[in-house]
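1. take a look and give me a structure for this.
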Amino acid sequence: MKIVTLIALLFITVSVSGQVKRLYLEELAKNDKIKVFNRELTARNSGGRSCVHLSEANGDGVAWIEGLDFSNGIIEIDLKGRDVSQQSFLGVAFHVKSQKVLDAVYFRPFNFQSKDAVKKSHAVQYVSHPDFPWEVLRNKYPGKYEQAVNPAPGPDDWFHVKIVVEYPQVMVYVNRNTEPSLTVTKLNQRTSGKVGLWVGNGSDGDFTGLQIQQK
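-> The predicted structure is shown next:
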């Protein structure tokens with residue numbers, strides 16, 4: 001009965017256009033409603049908050065919500081990384097077709113408050129896999145698909161993320177700032193797909209408070 005209720009809740013959450021609904025990640029994980037690739041997903045308490053945790057491993061990791069298809073709208077979530085250089089890359093994947101074919105917005109918390117202006121400008125990143133990983137974008141379009149985060153959270157703190165997708169535009173807001181930290185145009189023709197949690201090479205991360213508003 002509990003599983004049936006949970007499935008019904010998930011369906012309601014994503015089927016009402018314009019209505020903001022929360023997805024309880026810990027419950028979804030417990031009931032195997034999150035499909036995980038190249039990571040382990042566990043529930044835990046981090047920084048005083050109940051959350052799910054994606055483990056550290058080589059290569060990227062993604063965990064998407066089963067039964068959820070997203071096209072345009074707003075994705076909100078709270079994230080917590082670590083102040084460890086090159087070991088904390090975490091964010092949200094969307095328009096996911098497979099573990100290798102997806103869009104993602106992710107953060108480098110170790111760069112949030114860097115005194116190095118170049119590193120600070122590499123705090124939030126958009127990627128379009130498989131054709132446009134971060135290396136390609138940085139080399140071909142420096143400063144276009146990654147920016148500093150405003151306001152800059154503490155690198156070990158929880159921070160709130162709002163991603164607005166209005167195909168082909170993607171806007172990223174941090175800690176409820178009214179000005180986006182990053183605005184980009186998508187680099188593919190995917191207009192829908194799954195939504196998931198994302199971590200980069202050698203990284204783990206904590207996630208909670210996922211909300212979806214379909215448009």
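2. now do the same contact list for N188.
-> Taking Cβ atoms under 8 Å, 6 or more residues apart in numbering, we find N188 in contact with 95, 103, 128, 131-132. Where C-beta positions appear, they are placed from N, C-alpha and C, glycine not excepted.
3. now a ChimeraX select for only the buried ones of these.
-> A single ChimeraX command is used to select the members of the contacts of N188 judged buried by 16 or more other Cβ atoms under 10 Å:
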select :95,103,128,132
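4. tell me, what residue is most central in this protein?
-> Taking Cα atoms, centre = their mean, the centroid of the chain lies closest to V92, which sits 1.3 Å from it.
5. stretch 37-44: end-to-end distance?
-> 19 Å (Cα to Cα, to the nearest Å).
6. where's N139, which helix or strand?
-> helix 134-140 (DSSP states H and E).
7. list the buried residues for that helix?
-> Of the residues in helix 134-140, those with enough neighbours to count as buried (16+ other Cβ under 10 Å) are 134, 137.
8. check which helices and strands it is in contact with.
-> If contacts are counted by 3 or more Cβ pairs under 8 Å, 6 or more residues apart in numbering; DSSP states H and E, helix 134-140 sits against strand 124-129, strand 146-147.
9. got the contact list for the closest residue to I74 other than its chain neighbours?
-> In space, and not counting its chain neighbours, I74 is closest to Q213: 4.2 Å by Cβ to Cβ, 6 or more residues apart in numbering. Taking Cβ under 8 Å, 6+ apart as the criterion, Q213 is in contact with 18-21, 73-74, 76.
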